[in-house]
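# generate coordinates for the sequence data below:
(one chain, ligands or ions: 1)
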Amino acid sequence: MTTLPIPDHVPEHLVFDFDIYSAPELEREPHRTMVELLQSKKVPPVFFTPRNGGHWIIAGAVEGLDMLRDVERFSSEPQYNANSRKPWTLPNQSDPPEHTEYRRIINPAFVPRTVSGMEEHLTSLCGQMIDDLLPRGECEFVEDFGKKFPVNVFLRMAGAPQSDREQLVELTEQVVRHPERGVREAAGHALGAYVMRSYESRRDKPGEDLLSMVLQGRFQGRALNQEELLGMGLLLFLGGLDTVSSTLSFVMLFLGRNPGHYRQLVQDPTAIGGAVEELIRTYSVASLQRGVRADTEYLGIQFRKNDKMFFMTQVYGLDQRRIEDPLRVDFARTVSPHLGFGAGPHRCIGSHLARTEVRIFLEEWTRRIPAFSVAAGQEIQTRGGHVWSPVALPLVWASDPTSAEHEICPATGRQSLANKQVLPRVAVQ
Ligand code: HEM
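Numbers count the residues shown, from 1 in each chain. Down below sits the predicted model:
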């Protein structure tokens, strides 16, 4: 029972004491744990937690989808989000019609045609990084690959030096999931200062990179002011540096524990497209924030102006009211409904890039590594926050893929592990 104050418009049956940064439920298999709490009705799909200044959590997909689309009542503007402090980010913390103009500035960098043009580079970069790991027969995936491949891609897009990678990744991680507010805010300011310095070096001679694009952007016929430049740059770094890395790490956690699923992809690479969607459905990583514009009643619940709302899209693809047998991972599902990239006007602008990165990664990994597993006896810890992620993920594989353990699939000519269960099937199936 919590002793933290509960606002008087929140009924007791909708209160659940849950810290989005440090709840014990988020420390191991957070998706499965949250789904079990929801399915057993121990937690309602919309509930209030007194932690972090007190806010609502929308954990049900049915409720979440409608609320995300209802921008009239549930606003992205920071002024309606009681706990929102500077530095603010853009375009996500704005509502239409302003939002539409901000988003238009960066849209060309993320349209399918631009991303298609990056594929050759992504494939060779990814292949090269796996080749470097291959002879070791093991890696700590989060550090050795997750925080490198997508980050390298983003820094190249942003025109930022690769030598800044470690510093930027650490700051981003602190912003999105550090349990202490002071650390999150300090990291946000440090990242913001980095972004503003990066603009300065482009002012006289803008290039083709993302930050130059923002610098040259127009809003209502004028250049962006300092606060807008900061917000746009900051969100690009937060979106580009952490989300794909966390997604890849969850994908590999699942495949490393489910050799049958992995074998399907090795033997039939055409299954990879469906696998990407199904794995993003099962392992969505990001939460979103909104604020209540004016006192309102919704689904019989009273919301008060400036109530803060947190949308737990991580579990929207696992809502049994939207999908049958949600914890079963099936690469052949005809539809894998999820809201991992959000919904409504703010739907993730980087989703096409993110999907492409995950697909290319799976193509290149399966091409080179016929079988792998999570290192035996390892308990995999995860962290919550705005983007969920495994903390570390030790993986092992046979460093000599021609070893006797592997056989050649007659249909594809690719190698695969000969009917060998590497580890028992656990976790989300
Ligand atoms: C698997 C990877 C990713 C996930 C799960 C993800 C998730 C999301 C979600 C859920 C939103 C909606 C935010 C809201 O409604 O408030 C969003 C928006 C956004 N994302 Fe992503 N994202 C990913 C990758 C990326 C990448 C690679 C970039 C850029 C390099 C990016 C940039 C953005 C931007 C700029 C927005 C704001 C869009 C707007 O407000 O109109 N994301 N993302």
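# give me the buried positions along the helix or strand where Gly192 lies.
Using DSSP states H and E, Gly192 maps to helix 181-200. By neighbour count on 16 or more other C-beta atoms under 10 Å, the buried set for helix 181-200 is Arg184, Glu185, Ala187, Gly188, His189, Ala190, Leu191, Gly192, Tyr194, Val195, Ser198, Tyr199. Placement of C-beta: from N, CA and C, glycine included.
# including distance to the ligand, could those go into CSV?
Formatted as CSV, the buried residues of helix 181-200 follow (distance: C-beta to the nearest ligand atom, whole Å):
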residue, distance to the ligand
Arg184, 17
Glu185, 19
Ala187, 18
Gly188, 16
His189, 20
Ala190, 19
Leu191, 14
Gly192, 15
Tyr194, 16
Val195, 13
Ser198, 15
Tyr199, 17
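# re the thing from before, dump the C-alpha coordinates for the helix holding Gly192 into CSV.
In CSV, the C-alpha atoms belonging to helix 181-200 read as follows (Å, rounded to 0.1, in the frame of the first residue of the first chain):
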residue,chain,number,x,y,z
ARG,A,181,15.1,12.4,-12.2
GLY,A,182,18.1,14.6,-11.6
VAL,A,183,20.3,12.3,-13.6
ARG,A,184,17.8,12.1,-16.5
GLU,A,185,17.5,15.9,-16.6
ALA,A,186,21.2,16.5,-16.4
ALA,A,187,21.8,14.1,-19.2
GLY,A,188,19.0,15.8,-21.3
HIS,A,189,20.8,19.1,-20.8
ALA,A,190,24.2,17.7,-21.7
LEU,A,191,22.7,16.0,-24.9
GLY,A,192,21.0,19.3,-25.7
ALA,A,193,24.3,21.2,-25.4
TYR,A,194,25.9,18.7,-27.7
VAL,A,195,23.1,19.2,-30.3
MET,A,196,23.4,23.0,-30.1
ARG,A,197,27.2,22.9,-30.5
SER,A,198,26.7,20.6,-33.6
TYR,A,199,24.4,23.3,-35.2
GLU,A,200,27.0,25.9,-34.7
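# can you give the contact residues for that helix?
52, 85, 87, 158-160, 164, 168, 171-172, 174-175, 178, 211, 214-215, 226, 229-230, 233-234, 237-238 (C-beta atoms under 8 Å, 6 or more residues apart in numbering).
# so which of the residues you listed belong to helices?
158, 168, 171-172, 174-175, 211, 214-215, 226, 229-230, 233-234, 237-238 (DSSP state H).
# using ChimeraX, define a selection of the buried residues within those.
In ChimeraX syntax, the buried subset of the ones in helices among the contacts of helix 181-200 is picked out as below (16+ other C-beta under 10 Å):
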select :158,168,171,172,174,175,211,214,215,229,230,233,234,237,238
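# of all pairs in the ones in helices among the contacts of helix 181-200, which one spans the longest distance?
Maximum pairwise distance among these (C-beta to C-beta): 25.9 Å, between Gln174 and Leu215.
# which stretches of the stretch 301-429 of the chain have low pLDDT?
401-429 (pLDDT under 70).
# what does it have sitting close to the ligand?
Residues of the stretch 301-429 of the chain lying close to the ligand by C-beta under 6 Å from any ligand atom are Thr313, Gly340, Phe341, Gly342, His346, Cys348, Ile349, Gly350, Leu353, Ala354.
# the same query, at a cut-off of 8 Å, please.
Contact residues (C-beta under 8 Å from any ligand atom) of the stretch 301-429 of the chain with the ligand: 311, 313, 339-351, 353-355, 357-358, 387.
# out of these, which end up buried?
In those, the ones that pass as buried (16+ other C-beta under 10 Å) are 311, 313, 339-346, 348-351, 353-355, 357-358, 387.
# among these, which lie within strands?
Phe311 (DSSP state E).
# now do the same contact list for the residue of the chain found nearest the ligand.
Nearest residue of the chain to the ligand (C-beta to the nearest ligand atom) works out as Gly350 at 2.4 Å. Gly350 makes contacts with Phe110, Gly239, Gly240, Thr243, as judged by C-beta under 8 Å, 6+ apart.
# now with 10 Å?
Contacts here follow C-beta atoms under 10 Å, 6 or more residues apart in numbering; on that basis Gly350 touches 106, 109-110, 115, 150, 154, 157, 236, 239-240, 243-244, 341, 357.
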